[in-house]
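Asker: predicted model follows, preceded by the sequence.
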Amino acid sequence: MLLVSRPLLSIRPIAAKSTHVGSTRRVGSLRYTCSKALAEDAQNNPSPKVAMVNLGCAKNTVDGEVMLGDLSRNGFSVTNEDDDADAIVINTCGFVEEAKNESIEAVLEAIKKKADGKAKRVIITGCLGQRYPEELAAELPDVDLVIGFENYALLPGSIQHALDPTAPLPVAAPL
């Protein structure tokens, strides 16, 4: 049984193109979303690319768009093409067992893409990242970051550090 309920940012280092503009792309049951403005910016920006899989409720969709906006403002390109991304963010849902299973399946699919060389990093956010960070880090060693919703402000710096370990590690501001 998973018991962790406190927020935690879990970062583990790893040993050493087309964009659907302004659309939602479905692959199986997964939704890849990106606003038109972010997708257009990604076409002209050579910076690291991030794709996001949004799962669950409307709040997750809004949180996902906010995270993508933060990433874009911090120099990342946003793409709907996970095969084209340097990092795949899975914005998970943990409300009911079926949602947890769908989230884990999406994470495993992203891990496979990473193993196939189609992505460099896999990041878990959302409810599962908030509720079960230690368990996810232990059970899914190929996941690079687990970030709960209380730590979303750390996402851009955390991804940058995961892609480039010489980049500074973000620090949470005191409450």
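Answerer: Received it, and whenever you're ready, just let me know what you need.
Asker: helices of this structure, residue ranges please.
Answerer: Taking DSSP state H as the criterion, the chain contains helices spanning 36-43, 58-73, 97-115, 127-131, 133-139, 155-163.
Asker: shaky segments in this structure?
Answerer: Within the chain, the ranges that satisfy pLDDT under 70 run 1-46, 172-175.
Asker: tell me which residues touch the residue nearest the centre of it, please.
Answerer: Closest to where the C-alpha atoms of the chain average out (C-alpha atoms, centre = their mean) is V89, at 1.6 Å. Contact partners of V89, counting by C-beta atoms under 8 Å, 6 or more residues apart in numbering, are 50-53, 64, 67, 123-125, 155, 159. From N, CA and C alone the C-beta is placed, and that goes for glycine too.
Asker: make it 7 Å
Answerer: Contacts for V89 (C-beta atoms under 7 Å, 6 or more residues apart in numbering) come out as 50, 52, 67, 123, 125.
Asker: what residues are bridge-paired with it?
Answerer: Residues in a beta bridge with V89, per DSSP bridges, are M52, I123.
Asker: next one: I90 from S77, what distance?
Answerer: According to C-beta to C-beta, to the nearest Å, I90 stands 18 Å off from S77.
Asker: tell me which of the two has more neighbours.
Answerer: Set I90 next to S77 and count neighbours by other C-beta atoms under 10 Å: I90 wins out with 29 against 23.
Asker: my guess is P133 meets V146, correct?
Answerer: Yes - at 4.6 Å, P133 counts as touching V146 under the criterion of C-beta atoms under 7 Å.
Asker: if you count surrounding residues, which of those two has more?
Answerer: V146 (28 against 22).
Asker: hmm, the more buried one is touching L136, no?
Answerer: Yes - counting by C-beta under 7 Å, V146 does reach L136; the two are 4.9 Å apart.
Asker: joint contacts of the two?
Answerer: Applying C-beta under 7 Å, 6+ apart, one finds that V146 and L136 are jointly contacted by 124, 129.
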